[in-house]
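Novice: Structure here, sequence nowhere to be found:
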């Protein structure tokens, strides 16, 4: 059966997700998370895209990307996933599929959902009960926005700048905003529950 063509548009913003085959762990050590980040950084040199937010979880990852050229999306994600799979298979002598399927993409076509999606992505470690405090999780974009930590992967979310005039107030507003669960979480969970 042929694959259904994805509706990707030039300049579109997408919530990207992929997870391990059978929901297995695909990031087991700090080196794995760092390698995945380095792979994304390498692909930023090949394709023009902005990465606004991300969270790398033990058995899946989330990216919030603005892609300049729609035609680049499939090559970008195929390259990132294959590069990481090759690394993982060699390191752990893994045989078979690493990822459950092709990546899932959700178009964020309304600015009001951009920060909602960011909150969903960065709250993942709390929702999964890996950490109690979001800032304790090392493998997400949260501390870039909340504390000003350097992260070469990130292009600042354009809506982040609208939260307040001063940097300090903007960061505290962001912390308060992300700390509260919102209805978007249930909406996305429902959409992603069909991800096979």
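Specialist: Arrived safely. If you're wondering where the values come from, they're calculated on a predicted model, not measured in any experiment.

Novice: quick one: low-confidence parts of the chain?
Specialist: Filtered on pLDDT under 70, the chain yields the residue ranges 1-6, 184, 188, 191-196.

Novice: What residues are bridge-paired with the residue nearest to the spatial centre of it?
Specialist: Nearest to the mean C-alpha position of the chain, by Cα atoms, centre = their mean, lies residue 63 at 2.0 Å. Assessed by DSSP bridges, residue 63 has beta-bridge partners residue 16, residue 54.

Novice: wait, doesn't residue 49 sit right on residue 64?
Specialist: No - contact criterion Cβ atoms under 8 Å: residue 49 and residue 64 do not qualify, at 10.7 Å. Every C-beta, even on glycine, is put in place using the N, C-alpha and C of the backbone.

Novice: between the two, which one's more packed in?
Specialist: residue 64 (25 against 20; other Cβ atoms under 10 Å).

Novice: Tell me how far that one lies from residue 19.
Specialist: In this view, residue 64 and residue 19 are 16 Å apart by Cβ to Cβ, to the nearest Å.

Novice: same thing with residue 116?
Specialist: With Cβ to Cβ as the criterion, residue 116 and residue 19 are 21 Å apart.

Novice: repeat for residue 167
Specialist: In terms of Cβ to Cβ, residue 167 sits 35 Å off from residue 19.

Novice: Between these two, which has more neighbouring residues?
Specialist: residue 19 (21 against 10).

Novice: May I ask you to confirm that that one belongs to a strand?
Specialist: Yes - Residue 19: assigned to a strand according to DSSP: H, G, I helix; E, B strand; the rest coil.

Novice: right, and it touches residue 100 too?
Specialist: Yes - at 5.3 Å, residue 19 and residue 100 qualify as touching, with contact defined as Cβ under 8 Å.
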